[in-house]
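K.L.:
For reference, the sequence and a predicted model appear below.
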Amino acid sequence: MSRRGRALGFGALALLSAALAAVLANGYGSSVARRFGPLRPVVVAAADLPQGKPIVAAQLAHDLQVRRVPERFVPSGALAVPADALGRVPEATVPAGSYLLGAQLGLPRPPRRNAPGLAGGKRPVEIAVSAAEALLEGGGGQRGSRVDVIVTTEPRGPGPGRTYVAAADVRLLSLRRAAAPGPGPAGGWNATLALSRGQALELIEAENFARQVRLLPRP
């Protein structure tokens with residue numbers, strides 16, 4: 001047989017082998033589909049996805065892969081498209097090789113912003129105060145100055161009400177006129193103070209029953 005004849009023969013055998021392999025693969029695929037269901041795309045982590053770190057666009061092509069898996073083996077809630085994970089945050093580290101589930105991902109939390117300069121469990125609390133003009137005239141109404149909060153209660157009988165220091169040596173964060181001043185001596189100004197939880201609760205309650213809440217500058 002000539003070289004050309006042998007080449008044609010080998011070529012025909014190669015085509016026949018390829019066709020036979022395709023028929024076998026198709027038959028195997030059909031068998032798998034009948035037993036385990038059709039193939040479905042599922043997202044798999046190609047690298048560890050750290051807890052609390054949002055998934056960014058660069059990770060979609062490198063750290064997330066799509067594989068086709070028989071439907072029977074696809075866990076509930078598995079993502080089918082990497083883009084569905086963009087911007088989401090793993091609630092726990094997802095190991096490489098794991099399916100990526102929607103239940104594993106949460107929304108990014110906004111950064112917690114504390115008022116500048118506050119420490120020791122203090123928080124900014126706004127209360128209504130009166131007679132703040134004298135505080136401003138004396139130069140004690142500046143941001144960051146220290147003040148005492150004085151509460152005068154309504155009298156329960158003849159004579160004046162009780163006057164006491166409700167919060168001593170607290171930081172004044174801001175002082176401004178109220179947008180709609182209330183009538184009487186109890187209205188007119190809003191003061192934001194750095195208070196502990198206990199101080200805040202006491203002063204918020206005092207706003208409801210006190211005759212007057214005012215600020216005195218610390219000496």
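P.N.:
Looks like it came in fine.

K.L.:
what about the helices in the protein?
P.N.:
Per DSSP state H, the chain carries helices over the ranges 3-36, 57-62, 132-137, 197-209.

K.L.:
In PDB, list the C-alpha atoms belonging to the last one.
P.N.:
Included here for helix 197-209 are C-alpha records, laid out as PDB according to Å, rounded to 0.1, in the frame of the first residue of the first chain:
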ATOM      1  CA  ARG A 197     -25.800  56.000  79.600                       C
ATOM      2  CA  GLY A 198     -26.900  56.700  83.200                       C
ATOM      3  CA  GLN A 199     -26.500  60.500  82.700                       C
ATOM      4  CA  ALA A 200     -28.400  60.400  79.400                       C
ATOM      5  CA  LEU A 201     -31.400  58.500  80.900                       C
ATOM      6  CA  GLU A 202     -31.600  60.900  83.900                       C
ATOM      7  CA  LEU A 203     -31.500  64.000  81.800                       C
ATOM      8  CA  ILE A 204     -34.000  62.700  79.200                       C
ATOM      9  CA  GLU A 205     -36.300  62.000  82.100                       C
ATOM     10  CA  ALA A 206     -35.600  65.500  83.600                       C
ATOM     11  CA  GLU A 207     -36.800  67.100  80.400                       C
ATOM     12  CA  ASN A 208     -40.300  65.700  81.000                       C
ATOM     13  CA  PHE A 209     -40.800  66.700  84.600                       C
END
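
K.L.:
Residues contacting that helix, please?
P.N.:
Outside helix 197-209, the residues that touch it by Cβ atoms under 8 Å, 6 or more residues apart in numbering are 121, 123, 125, 127-128, 149, 151, 153-154, 166-167, 170, 193, 195, 213. Just so you know, the C-beta spots here come from the backbone N, C-alpha and C atoms, and that holds for glycine as well.

K.L.:
And for residue 203, the neighbour number?
P.N.:
Residue 203 has 23 neighbouring residues, counting by other Cβ atoms under 10 Å.
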